[in-house]
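Q: just the structure for this:
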Amino acid sequence: MRQNRIIKQQGFTLLEVLIAVLVLSIGLIGLAGMQMLGVKNNNSATMRSQAVFLTQDIADRIRANVANAGTYVVTGTPACGGLCDPALGCSGSALAAYDVCMWRTAVASLPAGVGCINAYAANSYRIRIMWDDERQSGTAHNSTCDPGSGATSGSCDAGMTCFDVEFRP
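A: As a prediction, this is how the structure comes out:
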């Protein structure tokens, strides 16, 4: 005599759980990637906002000392030693040297930050701020404000992010 037994399948629920865990883990990896991209873009926006603020700062300083606007043109790295104290009074050119030094120090707070001020056209100036937006450690950039470098030409130095403003005081 034969008995009919119904054989139940076993282990199918375990397979469903494993597939659900796989799909969930792929989703979480994607979510982590989006979070990292959001943080990077937030940091980039913060640096761009800082560049706009610093550009406006030096433009206002030049407008306040318009008689000595040509003195604000930066070629190379200005010396910051022996500057006047604006609280005690300065000549216009000494105040310009002080303003440029303080501004370049503030621009240096950006990653590999360099600030340039160039005469652009008749009574017109170009302010350029460059920084390393990728923040790759160990990458050195030779960004300067010397004539002939990317800082004074139409293009930005390789690997750097630029913010340019042309204005008339």
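Q: how close does residue 67 get to residue 95?
A: Noted for residue 67: a distance of 10 Å to residue 95, by C-beta to C-beta, to the nearest Å. No exception for glycine: its C-beta is placed from N, CA and C like everyone else's.
Q: and the two? Which one has more around it.
A: Counting neighbours by other C-beta atoms under 10 Å for residue 67 and for residue 95 shows that residue 95 has the greater number, 20 against 10.
Q: excluding residues flanking it in the chain, which one is nearest that one?
A: With sequence-adjacent residues excluded and distances taken as C-beta to C-beta, 6 or more residues apart in numbering, residue 95 is closest to residue 65, at 5.6 Å.
Q: next one: residue 92
A: Counting by C-beta to C-beta, 6+ apart, the residue nearest residue 92 is residue 68, at 3.8 Å.
Q: tell me how many other residues crowd the residue nearest to residue 95.
A: For residue 65, using other C-beta under 10 Å, the count is 19.
Q: what's near enough to touch it?
A: 71-72, 92, 95-96, 99 (C-beta atoms under 8 Å, 6 or more residues apart in numbering).
Q: out of the residues you listed, list just those in helices.
A: Judged by DSSP state H, the contacts of residue 65 include 92, 95-96, 99 as members of helices.
Q: selecting buried members of those in PyMOL, what would you type?
A: Buried residues among the ones in helices among the contacts of residue 65 (16 or more other C-beta atoms under 10 Å), as a PyMOL selection:
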select buried, resi 95+96+99
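Q: which among the ones in helices among the contacts of residue 65 gets closest to residue 119?
A: residue 96 (13.5 Å; C-beta to C-beta).
Q: which non-adjacent residue is nearest that closest one?
A: residue 71 (3.8 Å).
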